[in-house]
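Chemist: I'll drop the sequence and a predicted model, then ask my questions.
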Amino acid sequence: MQIAKVIVDVPARGTDRPFDYLIPESMKDWVEVGSRVGVPFGHRTVQGFVISLDPQSQTETFKMKPIQEVLDIIPPLSPDLVELAQWMSRQYACRFITALQVMIPTALKGKAERHISINHSDVPEHENNEYRDTLFAEVSSVNKEEQDIISFIDQKGSVTTQQLSRAFPECAVALKSLLKRGVLLENQSIKDKMQKKTLKGVNLAISSEDAQEMIDQFPAKAIRQKEVLQFIVDSKDFLPVAMKTIMSALQVSSGTVKSLVDKGYVTVDDYEVLRDPYKGRHFKPTTPLTLNEEQRRAYDQIMNPLNSYKHGVFLLHGVTGSGKTEVYLQSIQRCLEQDRQAIVLVPEISLTPQMVERFKGRFGDLVAVMHSRLSAGERYDEWRKIREGKASVVVGARSAVFAPFTNLGLIIMDEEHESSYKQEESPKYHARNVAVRRAQGSGAVVILGSATPSLETYHAAKSQSNPDFSPWLLEMPTRALGNKLPDVEIVDMREELREGNRSMFSRSLHAAIVSRLEKKEQMVLLLNRRGYSTFVMCRGCGYVAGCSECDISLTFHQKSNNLRCHYCGYAEPVPQVCPECGSEHIRYFGTGTQRVEEELAKLFPGIRVIRMDVDTTTEKGSHEKLLKQFGDRQADVLLGTQMVAKGLDFPDVTLVGVITADSALNLPDFRAAEKTFQLLTQVAGRAGRHHLPGEVLIQSYTPEHYSIIHASGHDYSSFVREEFDHRRVLHYPPYCRLILVTMSHEQLPLLLRMAENMASTLQGKARQRGWFGNLDRLTPDALDVLGPVASPIPRIKNRYRFQCMIKWRGNIDAIGLVLDSATQIEDSLHDKNFQISIDIDPQMLM
Ligand SMILES: Nc1ncnc2c1ncn2[C@@H]1O[C@H](COP(=O)(O)OP(=O)(O)OP(=O)(O)O)[C@@H](O)[C@H]1O
Ligand SMILES: [Zn+2]
Ligand SMILES: [Zn+2]
């Protein structure tokens, strides 16, 4: 008999390994690698995934339990995804089940549900009726209440405990007794959170000719039925017609349709429908553009491995407006011609309608879209469209890298430098590495595209020294439409202050805005909000409203007029007087987009501003609406945070203004300069993309900073040269890798001791293996442990936090070492309150 190895969804220590289950004869054709199954585990039924099929097992078969149910007809995961999950669990130090779960939509994360049915087990099938009769007859052993319950269940076949308690609110005692006596049986099965959406559809039961004849013979008083049947006959090419449609089109009740069913003319059935978030939307079809020479050269290179079905990784470094998208589109075209499928990853924030339109416009309904603003149901249906082969291209955020394609040819990652490709909760994976790994496994090509590649990727491409990741560099240094990159001017804001200008707009930016308003051209204004917070401070005593549990200041939300903690969700009303000194001079600080908007209205009466930030884009579709308004020229200014910096292509934008370039430069993050450079370059790229020339003004308090100077010259290579030097000297990626270990506990002294313990365990293990030491030494293998120190946010939800940073390089199993150490500490403690979280290659250092 075959045995299935199953990873179960049980969040406990010791369950992060495969368990063996027997495959019952009846399920043998259904259970595959990647199947989702319900299996008994302890006293419960839990969900699990089959990761391999084995002829035999270590466990003796008599102790083994059988799989209870197979949950899907088509397994939700393919063998290559199961393999990928296993790789992820090692690579990102997470549980196997966590990696498997992240690959499927939340809708499929089933929960055990309990069913009650009548126990027919010890009675042969044909005697059932008799058995039931005797059961009911035994009035002596079954009281009235119990009998009611039994008939209720008997009618329905099987009921859930919820259904039962709704019908019989006080049935618990009777139910327990019936279960104990074996009259009733309890079963568990896994129920998905999300159901497929079905619609009642009406179909003809007779031929349309016959139906037409019937209509003509209908009695005059059955006018409604006549109308309905005529409607159905007229729709004969589109059957089934939705019941809803008939009811609303003809203003009839479902009863009218039912009477036609009774006559045997039509049938009504449930039809499964896919929720399509873009339904009814028309996308203007586009045809391939003739590639220019730079594009052609890049395209040809990509075709080499693609045409020969080989794996290959490319870094497409093309300046803003160089036409990277057209290279993506034509590469996808080729991939589809090969009957293979393509994944397009874009950062969540730039997954704008403009982006979706470009792909839907070229490939129409073959495109599925996945992003977090879809409802769980919509996401589930887009996912099913992919798995059932109805879509061959998926455009989506990070998690679309797990799209269940079976014949993958191409993965494109646009704006590959974006930090949102890293998931911040477990599994803390980076979609770039996962994409490369997945493509390796399926012989697919990867294109990483950006105007400002991450230093890690650029270094890998230049050095060609990493056997797992050596992208081939493709450069497109000029804009597709032949126009030059916009002129950039840096404005020294300290100078403005010295000359008496206290406004947030410098004189040059002020003048530039005035001139655009006169010429009726459009503007993009960026407020770099990283590092800013809108907090409330007392100007009398300096009191800052903070969260009592998280050691962090509360953020002001104007819409709801309250203060909120962004870590734990705590909220309180805005104080009218200072709780410390009673002063009334308490107000909110920080340059939020709202304040810029107010200032614009004051300085430029009549200016039309569209503000795009987290506050104005929470509602579904709002993003889209705002951009459409701007595109339709209903506003002069598009004002926003990072959201306005990427991917947008509006022809009439001739001015880009950056309110303050340097707000993020002082963050405790070694990538601060890189992120500033990227953001400035990206937003500058929004100007003058078509026939009108563009101008960019960057306001700064540190105008001499190299990231700002090089961004103003659109000079990526000078920036990376300088930044590489810093990173090399200070031992930061790409010259080493990092692992961040964060430990937390409610009690500070305890935590401190454990954190010290962790650090010395790490050091001890590294020393044993001969790796430990300062990275300054010239050995190829090295590992250094920094800390423990308090985390930048020292307390979250009343838990103190300490961290160790591990820097390492070379061909060593540093991740294994950290995992070993964490397990050792956890085993020695037996303190559930102590938590260790491991982040491999962290992006957020806060
Ligand atoms: N071969 C071509 N012929 C004509 N127009 C083209 C061609 N390639 C691209 N374009 C046009 O050039 C403009 C810029 O292209 P695109 O938006 O793809 O640039 P990009 O490299 O993705 O820029 P960014 O990094 O700023 O998003 C678009 O309007 C696009 O339609
Ligand atoms: Zn005060
Ligand atoms: Zn808090």
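Modeler: Everything's here; your move. Ligands and ions are numbered 1, 2, ... in the order given.
Chemist: any bit of stretch 440-456 sitting next to ligand 1?
Modeler: Yes. Using Cβ under 6 Å from any ligand atom, stretch 440-456 reaches ligand 1 at Ala451. In this view, the C-beta of every residue, glycine as well, is placed from N, C-alpha and C.
Chemist: next one: phi and psi at the closest residue to Ser442 other than its chain neighbours?
Modeler: Excluding the flanking residues, the one nearest Ser442 by Cβ to Cβ, 6 or more residues apart in numbering is Leu408, at 4.6 Å. Main-chain torsions, Leu408, degrees, to the nearest 10: phi -80, psi 130.
Chemist: then Ser235?
Modeler: Backbone torsions for Ser235, taken as degrees, to the nearest 10, come to phi -90, psi 20.
Chemist: packing partners for the longest helix anywhere in the chain?
Modeler: For the chain, the helix with the greatest residue count under DSSP state H is helix 748-768. Judged by 3 or more Cβ pairs under 8 Å, 6 or more residues apart in numbering; DSSP states H and E, the packing partners of helix 748-768 are strand 737-745, strand 782-796, strand 799-809, helix 814-829.
Chemist: again, only using 6 Å
Modeler: Packed against helix 748-768 by the contact rule (3 or more Cβ pairs under 6 Å, 6 or more residues apart in numbering; DSSP states H and E) you find strand 782-796, strand 799-809, helix 814-829.
Chemist: anything in the second one near ligand 3?
Modeler: Right, strand 799-809. No. No part of strand 799-809 sits close enough to ligand 3 to count as contact by Cβ under 5 Å from the ion; the gap is at least 10.7 Å.
Chemist: which outside residues touch that strand?
Modeler: 731, 736-744, 746, 748, 751, 755, 759, 775, 782-788, 790-791, 794, 814 (Cβ atoms under 6 Å, 6 or more residues apart in numbering).
Chemist: now swap in the last one and tell me
Modeler: Contacts of helix 814-829 from elsewhere in the structure, counted by Cβ under 6 Å, 6+ apart, are Ala93, Ile739, Met758, Thr761, Leu762, Lys765, Leu783, Trp808, Ile836, Ile838.
Chemist: in the stretch 401-550 of the chain, where is pLDDT below threshold?
Modeler: Applying pLDDT under 70 to the stretch 401-550 of the chain flags residues 529-534.
Chemist: how about the helices in it?
Modeler: 431-442, 455-463, 493-498, 507-519 (DSSP state H, counting those that start in this stretch).
Chemist: just the CA atoms of the third one, as CSV, please.
Modeler: What follows is helix 493-498 as a C-alpha-only set of coordinates in CSV (Å, rounded to 0.1, in the frame of the first residue of the first chain):
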residue,chain,number,x,y,z
MET,A,493,16.7,74.9,1.6
ARG,A,494,19.1,76.3,4.2
GLU,A,495,19.8,79.1,1.9
GLU,A,496,16.1,79.8,1.6
LEU,A,497,15.8,80.0,5.3
ARG,A,498,18.7,82.4,5.5
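Chemist: buried residues, it. List them.
Modeler: Met493, Glu496 (16 or more other Cβ atoms under 10 Å).
Chemist: in the stretch 301-450 of the chain, which residue sits closest to ligand 2?
Modeler: Closest residue of the stretch 301-450 of the chain to ligand 2, Cβ to the ion: Glu424 (35.2 Å).
Chemist: what's that residue sitting at in phi/psi?
Modeler: The phi and psi values for Glu424, taken as degrees, to the nearest 10, are phi -90, psi -10.
Chemist: how much space between Pro353 and ligand 3?
Modeler: Going from Pro353 to ligand 3 by Cβ to the ion, to the nearest Å gives 35 Å.
Chemist: correct me, but that residue touches Glu624?
Modeler: Yes. With contact defined as Cβ atoms under 6 Å, Pro353 counts as touching Glu624 (4.3 Å).
Chemist: residue ranges with poor pLDDT in the stretch 601-750 of the chain?
Modeler: 615, 618, 620, 646-647, 663, 666-668.
Chemist: and Arg689, helix, strand or coil?
Modeler: coil (DSSP: H, G, I helix; E, B strand; the rest coil).
Chemist: which residues touch it?
Modeler: Arg689 touches Gly321, Asp649, counting by Cβ under 6 Å, 6+ apart.
Chemist: from ligand 2, how far out is it?
Modeler: 49 Å.
Chemist: next one: Gln634
Modeler: On the measure of Cβ to the ion, Gln634 and ligand 2 end up 43 Å apart.
Chemist: how close does that residue get to Ser791?
Modeler: 45 Å (Cβ to Cβ, to the nearest Å).
Chemist: next up, phi/psi of Asn466, please.
Modeler: phi -100, psi 110.
Chemist: residues near it, how many?
Modeler: By other Cβ atoms under 10 Å, 13 other residues sit near Asn466.
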